[in-house]
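Trainee: Just to be clear, the model below is a prediction. Sequence and coordinates:
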Amino acid sequence: MISRSIKVICIAGALSMGIATTHSAPASSCDALCELVSQTNSGLTADQQTPVGPAIMELRRLSGMTWEQLASLFEVTRRTVHFWASGKALNSYNEEKLYRILSAVRQIDRGAAQENRDLLFTAPQGEMAPIDLLRTGQYADVVRLLGAGSGLERPTLAPLSESARRMRMPSSPETLVGALQGRIDTGTGRVRPVRAVRVKKQKQFDDA
């Protein structure tokens, strides 16, 4: 959807700029305009190769954020984020925002979700917290502020079978919304003391 919009903008820009009817000039001018449009003021291009559902789950895993914090990041409800995690389509604005945030978090990844979360939610003195910069679309500023992380090298995985893919699908939004957030009572069972049993030995008499 976004790439199609970029092509339309390129064509419209080429017509409005009155480019000469040569073979080389229109192509180069359109390419330059495409590059300008694909790179917003964030300075980061969106990588949309990962489907929406896995992209949401990867963002949650890398950032260490809760569902509520993810919802606040996108300024939507938690239920909406659950729908996204289940594969429901996003509008073009939130879709681009998702992939740009994921791209930024991948770059600053320190290899541990807790460390990444601490970095995102800690505001340097006199500056905005990186999580607020992400919320307002300043993705490149987050990378410049936190620097590139070492992260963990992601291995190339073989495609999952259909049965394995079904087993790994996220729960339905209704199940996630209705999940209990309280602690699970494991119970406090008592251990009964072991009673010693005395065994009486019978005397055996040999027959005379």
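Mentor: Yep, it's here.

Trainee: okay, how far is it across stretch 132-146, tip to tip?
Mentor: 13 Å (Cα to Cα, to the nearest Å).

Trainee: Show me how the record splits this structure into domains.
Mentor: 2-38, 52-146 (automatic domain parsing).

Trainee: so can I have TSV of those showing mean neighbour count, mean pLDDT and distance to residue 168?
Mentor: For glycine as for every other residue, the C-beta is placed from the backbone atoms N, C-alpha and C. Below are the domains of the chain laid out as TSV (neighbours: other Cβ atoms under 10 Å; pLDDT from 0 to 100; distance: least, Cβ to Cβ, whole Å):
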stretch	mean neighbour count	mean pLDDT	distance to residue 168
domain 2-38	12	44	27
domain 52-146	17	94	10
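
Trainee: Need those in CSV (columns: distance to residue 160).
Mentor: Below are the domains of the chain laid out as CSV (distance: least, Cβ to Cβ, whole Å):
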stretch, distance to residue 160
domain 2-38, 27
domain 52-146, 11
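
Trainee: Need the CA coordinates for the one helix or strand residue 103 maps to. PDB is fine.
Mentor: Following DSSP states H and E, the helix or strand that holds residue 103 is helix 92-108. Taking Å, rounded to 0.1, in the frame of the first residue of the first chain, the C-alpha atoms of helix 92-108 are listed here in PDB:
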ATOM      1  CA  SER A  92      -1.300   2.800   6.400                       C
ATOM      2  CA  TYR A  93      -0.200   5.200   9.100                       C
ATOM      3  CA  ASN A  94       0.100   2.700  11.900                       C
ATOM      4  CA  GLU A  95       1.600   0.100   9.600                       C
ATOM      5  CA  GLU A  96       4.400   2.400   8.600                       C
ATOM      6  CA  LYS A  97       4.800   3.500  12.200                       C
ATOM      7  CA  LEU A  98       5.100  -0.200  13.300                       C
ATOM      8  CA  TYR A  99       7.900  -1.100  10.900                       C
ATOM      9  CA  ARG A 100       9.800   2.100  11.600                       C
ATOM     10  CA  ILE A 101       9.700   1.600  15.400                       C
ATOM     11  CA  LEU A 102      10.700  -2.100  14.900                       C
ATOM     12  CA  SER A 103      13.600  -1.000  12.700                       C
ATOM     13  CA  ALA A 104      14.800   1.500  15.300                       C
ATOM     14  CA  VAL A 105      14.500  -1.100  18.200                       C
ATOM     15  CA  ARG A 106      16.400  -3.600  16.100                       C
ATOM     16  CA  GLN A 107      19.300  -1.200  15.700                       C
ATOM     17  CA  ILE A 108      19.500  -0.300  19.400                       C
END
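
Trainee: I am finished for the moment; much appreciated.
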